[in-house]
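Peer 1: Below are the sequence and a predicted model; questions follow.
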Number of protein chains: 2
Amino acid sequence: MPVTVLLVDDEPLVRAGLRAVLEAQPDIEVVGEAADGAAVIPLVRQLRPDVVAMDVRMPLLDGIEATRAVLRTVDQPPKILVVTTFENDEYVYEALRAGADGFLLKRARPAEIVHAVRLVAEGESLLFPASVRRLAAEYGDGDGGNRAAREVLARARLTEREAEVLRLMARGLSNAEIAARLVVGTETVKSHVSAVLAKLGARDRTQAVITAYESGFVAPG
Amino acid sequence: MPVTVLLVDDEPLVRAGLRAVLEAQPDIEVVGEAADGAAVIPLVRQLRPDVVAMDVRMPLLDGIEATRAVLRTVDQPPKILVVTTFENDEYVYEALRAGADGFLLKRARPAEIVHAVRLVAEGESLLFPASVRRLAAEYGDGDGGNRAAREVLARARLTEREAEVLRLMARGLSNAEIAARLVVGTETVKSHVSAVLAKLGARDRTQAVITAYESGFVAPG
DNA sequence: CATCGGCTCCCCCGTGCGGGGGAGGCCGAT
DNA sequence: ATCGGCCTCCCCCGCACGGGGGAGCCGATG
């Protein structure tokens, strides 16, 4: 019997694309679609798909919360494949920690999308398969500029605390506000900020935030 | 005879989605695809499509340059429909100024995508049709948070100069660098920056840049 | 004509920011 | 037991940033 798939993405176009790619396979069947995370749970209960292809960034309920909700409330839950645009998207990592079984780059070739669905359906969790890394590498220079930012942030090797600070910087918080949020002294925050700036090669916090956006470390929407 | 369409987008998934939506129409035919702007010109010459559905943000050659190149080098050029994610994407306006005939939101419903293609094919230029404005308005609250940023920037009514300054701020330039770039005094830049901060409700340039990203005024990638 | 908005430039002023140091405590690895 | 990485906090210091004013020039609008 075929692998059944539920598509969850707020853009109809992406759903149509996934449907077109997957329906072309005789052994894969798209059994339903949802436009936001809130609609996922009832649909999963009703349709009992083998795989849910879930966008991370969605209105109402994002992919992370939706993943948690499905795994928590549904018994014999489906495999969850997180769909994303950026390979460094921190939300993806959160989703994987939340229990997702794999992730899928939107710019992957159709064959690789199909492959990913089949793999997770078989119970393989493809967290960081070589193929995806290679894909990211292959994507090479033709990337309109933010590849550099991704490189920088990938090589930056930020510590957990520094990443946390950068995240708050990217939300517009001042050093004092970050200090209050993290319950540490402002001097401590300044240390972390300086470390972040040094590692990212940024001159000031604005440039650091730009790098965060350009790299996909944080993303609009 | 059917309307012939050439799809140009760097994401295979989006191409597949557009193809699925358009091919479902008996009077529309997708005659080709390209993954970047550089491949567009030879394909247009070879395939002579009625409409080119072109992503703005692409590797190698973006939609703006590709639009210019097509209109400049091809006689009896096709209608160009710019495809974008954000309604406030400044690149879209640039593309429209470059000669594109209309624009298309990726989150539009299939029926509206089809409608847009038919319209431009008939020679109607749908720069800011009521339907699109309505669509943006209808999209309403289910928008993961950056709707607020869009609202702010839409209501901000930045002057041309202020928008230019915000653009440079979002590229990480200091006031002095912006002044040099625009060939004005730093005091002038400070005036513009202050105006931008006030209009955006931002406390500092970092918050302004965040709003710029969240609203789609500038976008990563 | 007068008015208004946009662009330009100027002043003063306080402070948050970032650089350059140093230092202690904790912990895992060697 | 020692080393190194991380987190924490401290000092001094210079400056770019941003707020709050004001002012002249211009073109469009009335």
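Peer 2: Here it is on my side, so go on. Numbers count the residues shown, from 1 in each chain, chains lettered A, B, ... in the order given.

Peer 1: How about the residues of chain A by DNA strand D?
Peer 2: Residues of chain A lying close to DNA strand D (CB under 7 Å from any atom of the strand) are A:157, A:159-162, A:179, A:182, A:184-185, A:187-188, A:190-192, A:204. The way it works is simple: take the backbone N, C-alpha and C, and place the C-beta from them, glycine included.

Peer 1: okay, among these, which ones form the most distant pair?
Peer 2: In the residues of chain A next to DNA strand D, the most distant members under the criterion CB to CB are A:Arg157 and A:Gly185, with 24.5 Å between them.

Peer 1: So is the lengthiest helix in chain A next to chain B?
Peer 2: For chain A, the longest helix by residue count, based on DSSP state H, is helix A:186-200. No - for helix A:186-200, no contact with chain B is found by CB under 8 Å from any CB of the partner chain; the gap never falls below 10.9 Å.

Peer 1: And the contacts of the helix or strand harbouring A:Pro42?
Peer 2: Element membership for A:Pro42 (DSSP states H and E) is helix A:40-47. Helix A:40-47 is contacted by residues A:4, A:6, A:8, A:31-32, A:34, A:52, A:54, A:61, A:66, A:69-70, A:73-74, A:77-78 when judged by CB atoms under 8 Å, 6 or more residues apart in numbering or on different chains.

Peer 1: from the chain's centre, how far out does it sit?
Peer 2: Distance of helix A:40-47 from the chain centroid (CA atoms, centre = their mean, to the nearest Å) equals 22 Å.

Peer 1: Name the residues that touch the host helix or strand of A:Met54?
Peer 2: With secondary structure defined by DSSP H and E, A:Met54 is part of strand A:51-55. Here strand A:51-55 makes contact (CB under 8 Å, 6+ apart) with A:3-11, A:14, A:18, A:37, A:40, A:44, A:63, A:66-67, A:70, A:78-84, A:95, A:100, A:104, A:117, A:120-121.

Peer 1: Show me where chain A dips below the pLDDT cut-off.
Peer 2: Applying pLDDT under 70 to chain A picks out residues A:58-61, A:85-99, A:107, A:123-157, A:219-221.

Peer 1: How about the residue in it that sits furthest from its center?
Peer 2: Computed with CA atoms, centre = their mean, the residue of chain A farthest from its C-alpha average is A:Glu187, at 32.6 Å.

Peer 1: The helix holding A:Pro42 vs strand A:51-55, what angle?
Peer 2: 160 degrees (axes from the mean of the first three to the mean of the last three CA atoms, to 10 degrees).

Peer 1: what comes up buried for helix A:40-47?
Peer 2: A:40-41, A:43-44 (16 or more other CB atoms under 10 Å in any protein chain shown).

Peer 1: Just flag the most distant two among those residues.
Peer 2: A:Ile41 and A:Leu43, at 7.2 Å, using CB to CB across the buried residues of helix A:40-47.

Peer 1: Show me the domain layout of chain A.
Peer 2: Following automatic domain parsing, one gets these domains for chain A: A:3-123, A:143-214.

Peer 1: Can you add distance to B:Met169 and give those domains back as CSV?
Peer 2: CSV is the format used below for the domains of chain A (distance: least, CB to CB, whole Å):
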stretch, distance to B:Met169
domain A:3-123, 23
domain A:143-214, 7
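
Peer 1: Deepest-packed of those, please.
Peer 2: Ranked by mean neighbour count, these are led by domain A:3-123 with a mean of 20 (mean count of other CB atoms under 10 Å in any protein chain shown).

Peer 1: Centre of the chain to stretch A:32-44, how far?
Peer 2: When C-alpha coordinates are averaged (CA atoms, centre = their mean), stretch A:32-44 and its chain have centres 18 Å apart.

Peer 1: and what of stretch A:66-73?
Peer 2: Here the centre of stretch A:66-73 is set off from its chain's centre by 16 Å, with CA atoms, centre = their mean.

Peer 1: Kindly report the same for stretch A:73-82.
Peer 2: Relative to its parent chain, stretch A:73-82 has a centroid offset of 17 Å by CA atoms, centre = their mean.

Peer 1: Same question for stretch A:28-42.
Peer 2: Between the mean C-alpha location of stretch A:28-42 and the chain-wide mean there is a distance of 18 Å, by CA atoms, centre = their mean.

Peer 1: do stretch A:51-67 as well
Peer 2: Distance of stretch A:51-67 from its chain centroid, counting by CA atoms, centre = their mean, is 9 Å.

Peer 1: measure that stretch end to end?
Peer 2: Start-to-end span of stretch A:51-67 (CA to CA, to the nearest Å) is 12 Å.

Peer 1: Where does A:Ile64 sit: helix, strand or coil?
Peer 2: With DSSP: H, G, I helix; E, B strand; the rest coil as the basis, A:Ile64 sits in helix.

Peer 1: so how far is A:Val70 from it?
Peer 2: Noted for A:Ile64: a distance of 11 Å to A:Val70, by CB to CB, to the nearest Å.

Peer 1: counting contacts, what elements does the helix or strand that contains A:Val30 pack onto?
Peer 2: Using DSSP H and E, A:Val30 falls within strand A:28-34. Contacting strand A:28-34 under the criterion 3 or more CB pairs under 8 Å, 6 or more residues apart in numbering or on different chains; DSSP states H and E are the following elements: strand A:3-8, helix A:12-23, helix A:40-47, helix A:110-121.
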